[in-house]
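> structure for this input, please:
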Amino acid sequence: MVKLICYNIEYCEGIEGIWYQYLKFWKIFFPPKHLDQQLVDALKRLKPDLLALVEVDVGSFRSHHKDEARFLEENLQFNNFVEKIKYPLQGWLRLFHHVPILDKQANAIISRYKIQNVTYHVFHEGTKRVVIEVTVDLPQKVTLLLAHLALGKRARARQIKELVGIVNGIKNPVILMGDFNTFNGAEEIKDLLKRTHLKDKISLDKQSLPLTEPAWHPNKRLDYILTSPQIKVKKYSVLNFHFSDHLPLMIDFTVSHKSAGKRLTSL
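Alright, predicted model coming up:
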């Protein structure tokens with residue numbers, strides 16, 4: 001059994017999403033000192049095998065120049081990690097790579113298993129454009145995709161269309177996950193599910209509401225883990241973590257040897 005957690009950690013700022021907490025704007029620059037260690041302690045109790053992290057600070061002054069992805073990898077005694085600044089180097093967005101704090105805003109995948117075939121996809125629209133793709137042996141090869149979609153509805157819709165092409169171009173079983181910012185609900189990913197082989201198994205969680213944001217009182221679902229048919233999800237959980245304004249998702253799964261059949265093609 002493999003355990004995967006997908007979590008938007010909000011750069012370890014420690015804001016649960018209550019409106020008045022955002023008035024403490026200094027947390028953007030000076031987050032709680034020991035929150036990352038508290039997160040490590042909580043994760044150790046769950047013993048995950050794979051971590052997909054959105055909004056990770058990889059070495060700005062606010063994290064005391066500490067790479068949070070590397071910190072988590074080392075303290076959880078994982079073996080591999082990959083991280084990528086989520087702004088592309090093309091066009092005007094390349095300027096973000098020269099702005100303090102923004103130049104260290106990344107997403108990351110951390111794994112107990114060897115990471116192979118690392119690829120970075122770049123959406124054509126939106127501010128947050130980079131999608132991380134990696135392959136891990138479980139021992140069957142599984143491809144992980146981590147995305148953080150746009151805040152704007154129009155750009156987000158076009159990014160989702162691009163995700164269809166990315167997913168359908170992969171031969172291995174796929175796990176697509178991340179913060180999709182679906183402020184208009186799961187209807188936004190209906191076409192993604194229809195045009196790919198991916199499934200949403202959140203209904204397996206009988207104990208929690210299928211909502212992930214804000215953490216203190218969730219009323220929206222922005223975060224997803226979507227899986228190919230060969231990924232046999234045994235358990236799906238919305239975790240009661242309050243280290244950021246999102247709640248993390250966790251799945252326990254095995255990988256089937258069966259072929260997924262003919263893949264759908266992008267329209």
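> show me what contacts His217?
Gly17 (CB atoms under 8 Å, 6 or more residues apart in numbering). No exception for glycine: its C-beta is placed from N, CA and C like everyone else's.
> and the one 4 residues further on, by the same measure?
For Arg221, the set of contacting residues under the criterion of CB under 8 Å, 6+ apart consists of 182, 185-186, 202, 210-213.
> again, but for Leu192
Listed by CB under 8 Å, 6+ apart, the contact set of Leu192 reads 160, 163-164, 167, 198, 226.
> for PyMOL, what selects the buried ones among the residues you listed?
Selection of the buried residues among the contacts of Leu192 in PyMOL, burial being defined by 16 or more other CB atoms under 10 Å:
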select buried, resi 160+163+164+167+198+226
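> please, which helix or strand holds Thr135?
Using DSSP states H and E, Thr135 sits in strand 130-137.
> which one of the contacts of Arg221 has the most neighbours?
Neighbour counts for the contacts of Arg221, by other CB atoms under 10 Å, peak at Thr212, which reaches 26 neighbours.
> now that one: how far from Asp245?
Using CB to CB, to the nearest Å, Thr212 is found at 10 Å from Asp245.
> the helix or strand harbouring Met177: how far from the chain's middle?
Using DSSP H and E, Met177 maps to strand 174-179. Here the centre of strand 174-179 is set off from its chain's centre by 6 Å, with CA atoms, centre = their mean, to the nearest Å.
> list the buried ones in it?
Residues of strand 174-179 classed as buried: 174-179 (neighbour count, 16+ other CB under 10 Å).
> do the same with stretch 132-143
When neighbours are counted by 16+ other CB under 10 Å, the buried residues of stretch 132-143 are found to be 132-136, 138, 142-143.
> could you identify the most distant pair in those?
Pairwise distances across the buried residues of stretch 132-143 (CB to CB) peak at 17.6 Å, for the pair Ile132 and Leu138.
> residue closest to the middle of this structure?
Compute the mean C-alpha point of the chain, and by CA atoms, centre = their mean the closest residue is Gly178, 3.0 Å away.
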